[in-house]
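In: Pasting the sequence and the predicted model now:
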Amino acid sequence: MEEKETMQRPDDNIWKIALAFVCMGILGYGFFYSKNTESDFAYLFGYNLPLALFVWAIFYATVARKRRGKIRDYKYNMAAGFSFLAIFISMIASSLIGFSQQKQYAKQALTEIQDQHSTMIDSSTDSQGLPKRIDKPIDTSPKARGDFGEMERFVKEFMNQMASQRNDYLLELEGIGWHSMLDPQRIRVDKGLIESKVIIRKAKEIVAKYQEKTNVLLRNAREKIQSLNMSASLKQEALAGFDRGMDKAKSQIETMWALERKAVTEVENIITLLSAKNDAWVVERGQILFYNDSDLNTFNSYIASIQSLVKQQQQIQKQSVETVNKNLNRLKDME
């Protein structure tokens, strides 16, 4: 009798080999495919228990049950209990591995977004701090994987759209001659300042047009988040974060456009002054010279106002960049 059981033992080890493959497969899933973002053990215990029962039932039905007739009952009971425990532990370990991987992907995605954002901001102004077109688009290919890779790709695409829209805005202003509006030589040859008035009208239209484009882009961004290919829980967190961020950024965006409109108005004030006082000024040696101090002071007040508006825009942008970096660093520390 003992001889017979000994002869059957290698055959009875098949379930152990099969169990090892099942457990390795579960752990491999955690490393390569899991999107788990939870690390609380109580949650993982409750979440994985029914899944472990389901996987164990399949394992039992296909492997372990077939061996029952060939081994003693107590061995069978031990094997069944051990196989469930191994599968259950493997599932919890797989979840923790997945959490660790997602944590790494999150930090990788945030670092990449921060680097690309800094590069974009640095290339958006010239040496004097004035706006210029961003020549190099952002590479939207995600460095992270999984859900956080999807989020990284979305944010990069959004930044590219913002940069592209800003480039178009500056290009249209450049196309109407806005950057030479206050060039004394241009003003000197602009009879009756008719060209200047046309440029101002077009500038107002362009500002209004791109303010609306910005609003549309922001609205569309929220809709795109809802269509991202990632878990429902993380998507909800992304939407909640986007809404909170927009609540804080909305006033800044509106202020930036208000300052832009104000700058156009101040340039218009200068053209109105020059038009109304057509005989009170002259262009000499590349400068606009006034015949009386009152007109000169008024002209200078408009110029000072424009310079102040530019400084306010630069300060808002600086605060915005600092806020973005602060929030990204905080998120990376949390990860």
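Out: That came through fine. Numbers count the residues shown, from 1 in each chain.
In: what stretches of this protein score poorly on pLDDT?
Out: Applying pLDDT under 70 to the chain flags the ranges 1-19, 22-23, 26-82, 84-85, 87-102, 331-335.
In: how about 50 then?
Out: Scanning the chain for pLDDT under 50 picks out 1-11, 68-72, 74.
In: Run through the strands of it in chain order.
Out: Taking DSSP state E, the strands of the chain run over residues 281-284, 287-290.
In: now these in JSON lines, with distance to L170 and mean neighbour count?
Out: For the C-beta atoms, the positions are set from N, CA and C on the backbone; glycine is no exception. Converted to JSON lines, these look like this (distance: least, Cβ to Cβ, whole Å; neighbours: other Cβ atoms under 10 Å):
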{"stretch": "strand 281-284", "distance to L170": "27", "mean neighbour count": "14"}
{"stretch": "strand 287-290", "distance to L170": "25", "mean neighbour count": "14"}
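In: okay if I get these as CSV plus distance to L193?
Out: Shown next, in CSV, are the strands of the chain (distance: least, Cβ to Cβ, whole Å):
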stretch, distance to L193
strand 281-284, 11
strand 287-290, 12
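In: of all those, which lies closest to Q319?
Out: strand 287-290 (34.5 Å; Cβ to Cβ).
In: Against which helices or strands is that closest one packed?
Out: Contacts defined by 3 or more Cβ pairs under 8 Å, 6 or more residues apart in numbering; DSSP states H and E place strand 287-290 against helix 184-189, strand 281-284, helix 293-334.
In: May I see the ones you listed arranged in JSON lines, with distance to Q165 as well?
Out: Output for the helices and strands packed on strand 287-290, formatted as JSON lines (distance: least, Cβ to Cβ, whole Å):
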{"stretch": "helix 184-189", "distance to Q165": "28"}
{"stretch": "strand 281-284", "distance to Q165": "36"}
{"stretch": "helix 293-334", "distance to Q165": "16"}
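In: so which of these gets nearest T111?
Out: helix 293-334 (6.8 Å).
In: What is the neighbour count of the residue nearest to Q211 when sequence neighbours are not counted?
Out: Among residues not flanking Q211 along the chain, W257 sits closest, at 4.6 Å (Cβ to Cβ, 6 or more residues apart in numbering). W257: 17 surrounding residues under other Cβ atoms under 10 Å.
In: contacting residues around W257?
Out: Neighbouring residues of W257 by Cβ atoms under 8 Å, 6 or more residues apart in numbering: 207, 211, 214.
In: what's the spacing between it and A208?
Out: 9 Å (Cβ to Cβ, to the nearest Å).
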